[in-house]
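Novice: take a look and give me a structure for this.
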Amino acid sequence: MIVRKSPREIELMRAAGKITAGALRLAKEIVKTDITTDHLNEELEKYIISQGGIPIFKGYRGFPKSICTSINEEVVHGIPGNKKLKNGDILSIDVGVGYRKYIADAALTLPIGEVSVEAKRLMDVCETSLYLAIKAIKANEMLSVISRTIQDYVEKNGYSVVRNYTGHGIGRCMHEDPQVPNFVSKSLLEADEILMQGVTIAIEPMICAGNCDTEVLNNKWTVVTKDRKLSAHFEHTVVVTEDGADILTV
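Specialist: The predicted model follows:
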């Protein structure tokens with residue numbers, strides 16, 4: 001069941017979103033060659049707690065860290081560790097914050113040092129698809145407009161959209177109804193939903209330079225592209241308004 005949020009709930013989510021956005025800004029300052037993703041995890045965890053937030057990923061369904069760090073062919077759910085970032089890597093960072101029982105979730109992909117033209121283009125297309133999708137929605141629009149906008153733009157630019165993982169509703173729980181796929185399918189159209197004012201969702205295109213097929217590594221968390229080609233990930237938490245969508249993770 002899709003739950004519309006009250007103005008008070010939206011403001012609490014906005015507060016969580018500001019902490020989330022602050023953590024990602026801090027990540028941009030910290031990220032460089034030769035630091036470990038574990039160091040990044042520790043610094044962002046300290047920041048979130050210092051702002052009165054809770055790093056909501058830590059312990060969620062058993063996840064061991066406070067943020068997700070996915071490098072190169074890693075799509076999502078990468079576990080921070082002692083691996084050092086190197087020049088030419090691209091790093092996707094996903095952050096979720098709880099604040100007074102409400103949650104916000106956002107992600108971005110950053111270049112490490114000098115990256116290839118292809119890596120930069122992949123990141124640009126992924127980020128642009130997110131903002132095009134946000135721009136396309138408003139109250140009484142169909143949910144599938146998000147999926148179609150992302151898929152059309154990504155595929156027009158020669159990339160593929162991950163099928164096995166989607167965006168999601170969000171609020172008091174990390175994952176609420178509805179699912180927000182980044183592609184259009186028969187099952188989506190059959191169960192298409194009207195986006196009502198006050199609905200809060202996390203829109204998160206995950207795209208691949210090669211084939212969209214993925215697999216999970218032996219740690220049972222990290223999702224990688226099967227062909228081991230690059231992947232990028234961007235995400236914002238938004239609330240549907242009468243004439244558009246308001247980004248809460250800024």
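Novice: can you tell me the distance between the two ends of stretch 139-147?
Specialist: For stretch 139-147, the first-to-last residue distance is 16 Å (Cα to Cα, to the nearest Å).
Novice: show me what that stretch is in contact with.
Specialist: Residues outside stretch 139-147 that contact it (Cβ atoms under 8 Å, 6 or more residues apart in numbering) are 133, 136-137, 167, 178, 180-184, 188-189, 192-197, 203, 240-243. (Each C-beta comes from the backbone N, C-alpha and C, glycine too.)
Novice: make a ChimeraX selection of the buried ones in these.
Specialist: If you want just the buried ones from the contacts of stretch 139-147 in ChimeraX, going by 16 or more other Cβ atoms under 10 Å, the selection is:
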select :133,137,167,178,180,181,182,183,184,188,193,195,203,240
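Novice: sort out for me which of the contacts of stretch 139-147 are in strands.
Specialist: 167, 178, 180, 194-195, 203, 240-241 (DSSP state E).
Novice: just send the residues you listed back as a markdown table, with pLDDT and distance to E127 too.
Specialist: Converted to a markdown table, these look like this (pLDDT from 0 to 100; distance: Cβ to Cβ, whole Å):
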| residue | pLDDT | distance to E127 |
| --- | --- | --- |
| G167 | 98 | 15 |
| P178 | 96 | 23 |
| V180 | 97 | 17 |
| I194 | 96 | 27 |
| L195 | 96 | 22 |
| I203 | 98 | 12 |
| V240 | 98 | 21 |
| T241 | 98 | 22 |
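Novice: which strands and helices sit next to the helix or strand of the chain with the lowest mean pLDDT?
Specialist: Sorting the helices and strands of the chain by mean pLDDT, DSSP states H and E puts helix 186-190 at the bottom, at a mean of 88. Applying 3 or more Cβ pairs under 8 Å, 6 or more residues apart in numbering; DSSP states H and E, one finds that helix 186-190 makes contact with helix 144-156.
Novice: repeat the analysis, applying 10 Å as the threshold.
Specialist: Judged by 3 or more Cβ pairs under 10 Å, 6 or more residues apart in numbering; DSSP states H and E, helix 186-190 is in contact with helix 144-156, strand 176-180.
Novice: of all the ones you listed, which lies closest to D213?
Specialist: With Cβ to Cβ as the measure, helix 144-156 is the member of these nearest D213 (15.3 Å).
Novice: can you lay out the ones in strands among the contacts of stretch 139-147 as a markdown table showing distance to K5?
Specialist: A markdown table is the format used below for the ones in strands among the contacts of stretch 139-147 (distance: Cβ to Cβ, whole Å):
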| residue | distance to K5 |
| --- | --- |
| G167 | 16 |
| P178 | 14 |
| V180 | 16 |
| I194 | 16 |
| L195 | 13 |
| I203 | 16 |
| V240 | 10 |
| T241 | 11 |
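Novice: touching, D227 and V75? I think so.
Specialist: No - with contacts defined as Cβ atoms under 10 Å, D227 does not count as touching V75, sitting 11.8 Å away.
Novice: shared neighbours of those two, which are they?
Specialist: Counting by Cβ atoms under 10 Å, 6 or more residues apart in numbering, the common neighbours of D227 and V75 are 208, 212, 214.
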